[in-house]
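1. predicted structure and sequence below. I'll ask about it afterward.
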Amino acid sequence: MSRWRCRGDIQVKKIAGSALLLASLTVLCSVDAWAFDCDALVKSVADEWRAGNVAEVADKLRAEEARCASEPRFNRALGEAMLASGHPADALMPLERAVTLAPDDNASWRALAQSWSLLGDREAAQMASLAALGTEDSADTAPKRFNWQITLEGSRGHDSNATLSTPEHSIAIPALDGAIFTLGPSSRQRGDSYWGEAVNAEANWLLSPSLAMQLTGVDTRRQYDQLHRLSSEEQMLAARLDQAGEWGIWSLGAHSDRLWEKKENVRDGVGGTLSWHWSQASALWPTLALDVTRYRYEGHYRGVDGFIERVLSLSNSVSFGQETFGWAVQAGHDSATVCRADGDSNIIGARLYATGPITHSIDWSTWMDHLDNRYTHSNPAFLTNRHDTLDIWNAGLSWAVGKGLSVRGQVSLSRQRANIPLYGYRRADTSVTLSYAFGG
């Protein structure tokens with residue numbers, strides 16, 4: 001299929017004729033369009049785009065659509081911004097204008113192909129992809145995009161029960177007729193302050209109009225001021241593939257996790273995730289996800305211990321103007337691989353979150369979590385069934401400094417209540433995060 005024939009097919013099928021479209025441009029373009037520099041507008045939002053404020057870029061460009069609808073570069077930028085902000089249907093018109101005005105612009109054809117793919121029209125997406133390639137044999141010029149981001153985080157906090165111990169000074173032993181034993185300082189609850197550091201690297205590839213890949217690596221460390229034996233480091237690697245099709249967007253992921261204490265590997269975990277959501281943002285179609293992870297404890301006395309965590313979740317978000325409100329619910333089960341004292345755990349949790357702009361470069365966000373853990377099938381010697389509830393509140397501000405650099409500050413408060421005192425704690429920390437995004 002030749003390049004010109006392919007383009008003719010897609011214009012016949014999806015564009016109501018170039019003549020009609022160009023006629024509509026004349027109506028859209030106001031008299032003062034000649035005095036307005038549309039190219040300068042596109043350049044002016046480049047830094048905001050790299051900083052991740054795609055929705056704000058889309059709003060700014062759309063406000064000038066009537067004056068700049070005859071400019072190919074503007075139409076491509078507007079279409080890509082609408083696409084990146086989750087509105088593939090709204091991206092169609094500017095991208096169709098872009099390919100009509102500049103038939104040789106491969107980037108516009110690629111974005112148009114991705115929009116049709118997300119909307120479920122595979123035939124139109126394939127024809128637009130071929131138009132971007134020029135010929136079916138041009139594999140070297142396949143639509144590929146790459147960007148990556150690195151994030152550095154520092155935090156300072158305090159944990160009221162870093163030792164996970166009882167606050168009592170003595171305990172009674174039922175098996176010894178209620179004999180009272182006085183606990184030493186190392187066996188009692190103790191709080192401590194800590195420093196936290198984290199490094200996060202994330203890379204994203206657009207492999208085709210309907211296939212994307214993401215790789216993530218995270219290294220998190222917590223160092224207590226006095227309880228150095230409890231200082232820890234956690235390493236995580238994850239990969240995910242997103243496939244857009246007729247029935248929505250499927251995501252398949254895999255991850256591995258490793259926990260270190262005092263430079264000794266104490267726990268390993270591997271797992272996978274499968275999720276699905278409708279290709280268009282809708283309050284009626286939430287994201288459905290299943291995560292299964294198997295953890296194994298290492299070391300001399302815990303080498304055969306571990307658990308398998310299975311979590312099913314539903315989540316969604318709704319935008320009202322520039323503010324976004326979202327929710328998530330989850331239910332799961334942790335099954336121990338050996339008969340543990342506290343047994344297996346049934347998990348029910350919920351999250352509410354909201355985010356929005358304060359100025360053109362500063363955003364606010366807040367979220368609240370509630371998690372309920374109820375344990376069953378415990379070892380009879382444990383004497384009681386464990387029950388924990390965890391509440392977390394988080395609030396933060398993000399500032400897009402420019403040229404891909406952003407700064408985030410946040411405060412987080414946590415409290416876990418438990419019917420067994422040694423599992424209860426309060427935790428508070430503040431953190432500052434620096435992020436830099438690279439495009440490609």
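-> Looks like it arrived, so ask away. What you see is a predicted model; the values in this text were computed from it and never measured.

2. just the helices in the stretch 101-250 of the chain please.
-> Assigned by DSSP state H, counting those that start in this stretch, the stretch 101-250 of the chain shows helices spanning 106-118, 122-133.

3. quick check: next helix or strand after the host helix or strand of residue 268?
-> Under DSSP states H and E, the secondary-structure element containing residue 268 is strand 264-277. Counting by DSSP H and E, the next helix or strand C-terminal to strand 264-277 is strand 287-297.

4. and the angle from that next one to strand 264-277?
-> Calculated by axes from the mean of the first three to the mean of the last three CA atoms, to 10 degrees, strand 287-297 forms an angle of 160 degrees with strand 264-277.

5. weakest of the helices of the stretch 101-250 of the chain in terms of mean pLDDT?
-> For the helices of the stretch 101-250 of the chain, the stretch scoring lowest in mean pLDDT is helix 122-133; its value is a mean of 63.

6. show me the strands in the stretch 51-200 of the chain, by range?
-> 145-159, 170-173, 179-182, 192-208 (DSSP state E, counting those that start in this stretch).

7. reformat these as a markdown table; add distance to residue 97.
-> Every residue, glycine included, has its C-beta placed from N, CA and C. Rendered in a markdown table, the data for those read as follows (distance: least, CB to CB, whole Å):
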| stretch | distance to residue 97 |
| --- | --- |
| strand 145-159 | 22 |
| strand 170-173 | 76 |
| strand 179-182 | 80 |
| strand 192-208 | 22 |
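
8. do you know which of the ones you listed lies nearest residue 338?
-> The minimum distance between residue 338 and the strands of the stretch 51-200 of the chain falls on strand 170-173, with 24.1 Å, by CB to CB.

9. average pLDDT across the closest one?
-> Per-residue confidence for strand 170-173 averages out to 68 on the pLDDT scale.

10. for stretch 378-397, what is the distance to the chain centroid?
-> Per CA atoms, centre = their mean, to the nearest Å, the displacement of stretch 378-397 from the mean C-alpha position of its chain is 25 Å.

11. please disregard the earlier target; I meant stretch 243-251.
-> Mean C-alpha position of stretch 243-251 versus that of the full chain (CA atoms, centre = their mean) differs by 17 Å.

12. buried residues in that stretch?
-> For stretch 243-251, the neighbour count (16 or more other CB atoms under 10 Å) marks 244, 248, 249, 251 as buried.

13. try stretch 83-97
-> Applying a neighbour-count criterion of 16+ other CB under 10 Å, the buried positions in stretch 83-97 are 83-88, 90-97.

14. ok, now stretch 63-75?
-> Applying a neighbour-count criterion of 16+ other CB under 10 Å, one finds 64, 65, 67, 68, 69, 70, 71, 72, 73, 74, 75 buried in stretch 63-75.

15. inside helices: which ones of the residues you listed?
-> Among the buried residues of stretch 63-75, the members falling in helices (DSSP state H) are 65, 67, 68, 72, 73, 74, 75.

16. ok, of the residues you listed, which one's closest to residue 189?
-> Of these, the one sitting nearest to residue 189 (CB to CB) turns out to be residue 65, at 61.8 Å.

17. thought the closest one was touching residue 78?
-> Yes: at 6.5 Å, residue 65 counts as touching residue 78 under the criterion of CB atoms under 8 Å.

18. list the residues that contact both of those two?
-> Contact with both residue 65 and residue 78 is made by residues residue 94, according to CB atoms under 8 Å, 6 or more residues apart in numbering.

19. mind putting the buried residues of stretch 243-251 into TSV with distance to residue 157?
-> Putting those into TSV (distance: CB to CB, whole Å) gives the following:
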residue	distance to residue 157
244	40
248	40
249	37
251	32
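
20. give me the helix or strand of the protein that scores worst on average pLDDT.
-> Within the chain, judged by mean pLDDT, DSSP states H and E, the helix or strand with the poorest mean is helix 3-14; its value is a mean of 43.

21. let me have the ones in helices among the buried residues of stretch 63-75 in a markdown table, extended by pLDDT and distance to residue 208.
-> What follows is those, written out as a markdown table (pLDDT from 0 to 100; distance: CB to CB, whole Å):
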| residue | pLDDT | distance to residue 208 |
| --- | --- | --- |
| 65 | 84 | 29 |
| 67 | 82 | 34 |
| 68 | 87 | 30 |
| 72 | 86 | 24 |
| 73 | 87 | 24 |
| 74 | 89 | 26 |
| 75 | 89 | 23 |
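
22. between those residues, which sits nearest residue 327?
-> Closest to residue 327, out of all of these and judged by CB to CB, is residue 65, at 32.6 Å.

23. using TSV, please lay out the buried residues of stretch 63-75 together with distance to residue 309.
-> Listed next are the buried residues of stretch 63-75 as TSV, based on distance: CB to CB, whole Å:
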residue	distance to residue 309
64	50
65	48
67	54
68	51
69	52
70	56
71	52
72	51
73	49
74	49
75	47
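
24. among those, which one sits closest to residue 400?
-> Lowest distance from residue 400 to the buried residues of stretch 63-75 (CB to CB) belongs to residue 64, with 20.7 Å.
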